[in-house]
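S.K.: take a look and give me a structure for this.
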Amino acid sequence: MIAADDYVPLPGWEGGHWMTIYTWARVREFPRLPAALPRYFDVAPEARVLAHCYWQPEPRAHGTLIALHGLEGSSDAHYMRGLADKGFAAGLNVVLLNQRNCGGTEHLSKGLYHSGMSEDPAAVIRELVELDGLRAIGVAGYSLGGNVALKLAGEFGAHPPPELKAVCAVSPTMDLARCVEALERRQNALYEWNFVRNLKGRMRRKARLFPGAFPVERLGRVRTVREFDEAFTAPHHGFRDASDYYHRASAMRVVEKIAVPTLVITAANDPFVPPEPFRDPAVTSNPHITVVITKEGGHCGFASAPHNGDDGYWAERKVIEFMRDNVHGRTTERTAE
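M.R.: Residues are numbered from 1 along each chain as shown. All right, here's what the predicted structure looks like:
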């Protein structure tokens with residue numbers, strides 16, 4: 001059982017903003033992690049995504065972790081590679097999946113991605129099961145990726161694929177409307193500026209690749225994430241407006257239907273993911289969901305002092321422990337029989 005007080009923050013970096021910035025800016029190295037193998041998945045017509053994969057010598061004999069990054073992140077994000085480092089060392093195959101257009105893949109998909117695009121990891125799971133013969137898969141997501149992971153599990157409901165054994169979400173933006181409202185606070189101006197800068201840059205790259213496909217003349221009026229979603233995300237995906245998009249793309253709408261073992265880790269001092277949704281009866285009354293709300297941790301931070309060879313990234317370690325306990329490969333299953 002994971003307890004909130006298991007996490008002891010790195011001394012000197014307590015506080016949601018400090019921890020978020022520290023883990024965001026710190027350069028990490030992973031010398032024991034082998035080179036990744038790239039793999040492309042055709043997830044929909046005119047939509048291809050890139051994954052960076054770490055395969056065990058006999059992949060079918062091991063469980064597989066699919067990791068999902070946050071808004072404007074990629075498979076190269078430090079927490080994605082941190083999960084790969086710990087997961088591969090624990091005997092898991094690890095698939096670091098880029099969302100559509102992320103990780104330098106704007107040319108692979110004609111359209112855009114959004115914060116609830118759960119159909120893409122669902123397509124990846126299908127291919128790994130049907131083509132690769134994998135029989136034990138877990139999905140872990142950070143921030144936006146956490147929302148996608150939880151939404152995926154909720155949409156599967158009472159009948160998930162038998163191969164899906166576990167789901168984890170760290171600092172998930174499970175209620176998008178609340179998260180955007182929190183992001184708009186004055187003290188979060190740096191985060192919003194960074195997100196908007198990256199979103200606008202991506203739209204300009206898309207426009208160069210697909211001339212005339214996107215109304216880039218609107219970018220000059222975009223100053224916030226909400227304004228970006230009103231101008232681009234919502235109309236592109238057929239949502240009525242940003243509010244409709246936030247409601248329909250949020251895992252909160254389906255979280256009560258989750259029927260696979262699920263771990264959610266979040267911090268009470270997260271700058272823009274409020275803790276209240278994680279205390280909602282839709283979450284707390286679901287026996288399949290374990291929620292851990294730590295006092296400290298920031299957004300996707302959770303750094304602590306390194307100890308006995310562990311690098312101190314507490315949430316990564318807890319995700320891999322949860323996956324190790326719930327996602328078993330063929331060899332483990334046969335032994336158990």
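S.K.: give the contact list for the closest residue to residue 112 other than its chain neighbours.
M.R.: Leaving aside its sequence neighbours, residue 112 sits nearest to residue 236 (C-beta to C-beta, 6 or more residues apart in numbering; 5.2 Å). Heads up, the C-betas are built off the backbone N, CA and C, glycines and all. For residue 236, the contact set (C-beta atoms under 8 Å, 6 or more residues apart in numbering) comprises 111-112, 214.
S.K.: same check, this time on residue 301
M.R.: By C-beta under 8 Å, 6+ apart, the neighbours of residue 301 are 19-20, 22-24, 267.
S.K.: put together a markdown table for those residues, with neighbour count on each row.
M.R.: Formatted as a markdown table, the contacts of residue 301 follow (neighbours: other C-beta atoms under 10 Å):
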| residue | neighbour count |
| --- | --- |
| 19 | 25 |
| 20 | 25 |
| 22 | 17 |
| 23 | 23 |
| 24 | 16 |
| 267 | 28 |
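S.K.: could you list which of the residues you listed belong to helices?
M.R.: Members of these lying in helices (criterion: DSSP state H): 19-20, 22-24.
S.K.: will you turn those residues into TSV that also has distance to residue 99 and pLDDT?
M.R.: Formatted as TSV, the ones in helices among the contacts of residue 301 follow (distance: C-beta to C-beta, whole Å; pLDDT from 0 to 100):
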residue	distance to residue 99	pLDDT
19	24	97
20	21	96
22	25	95
23	20	95
24	18	92
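S.K.: ok, back up a step: now for the contacts of residue 301, which pair is the farthest apart?
M.R.: Across these, the longest distance by C-beta to C-beta is 14.1 Å; it joins 24 and 267.
S.K.: ok, residue 171 touching residue 269?
M.R.: No. In this structure residue 171 lies outside contact range of residue 269 using C-beta atoms under 8 Å: 11.1 Å.
S.K.: between those two, who's got more neighbours?
M.R.: residue 171 (30 against 21; other C-beta atoms under 10 Å).
S.K.: and the more buried one, how far is that from residue 293?
M.R.: According to C-beta to C-beta, to the nearest Å, residue 171 and residue 293 sit 11 Å apart.
S.K.: could you do residue 320 as well?
M.R.: 20 Å.
S.K.: compare these two (neighbour count), which wins?
M.R.: residue 320 (26 against 15).
S.K.: chain neighbours aside, what residue packs nearest to the more buried one?
M.R.: residue 86 (4.4 Å).
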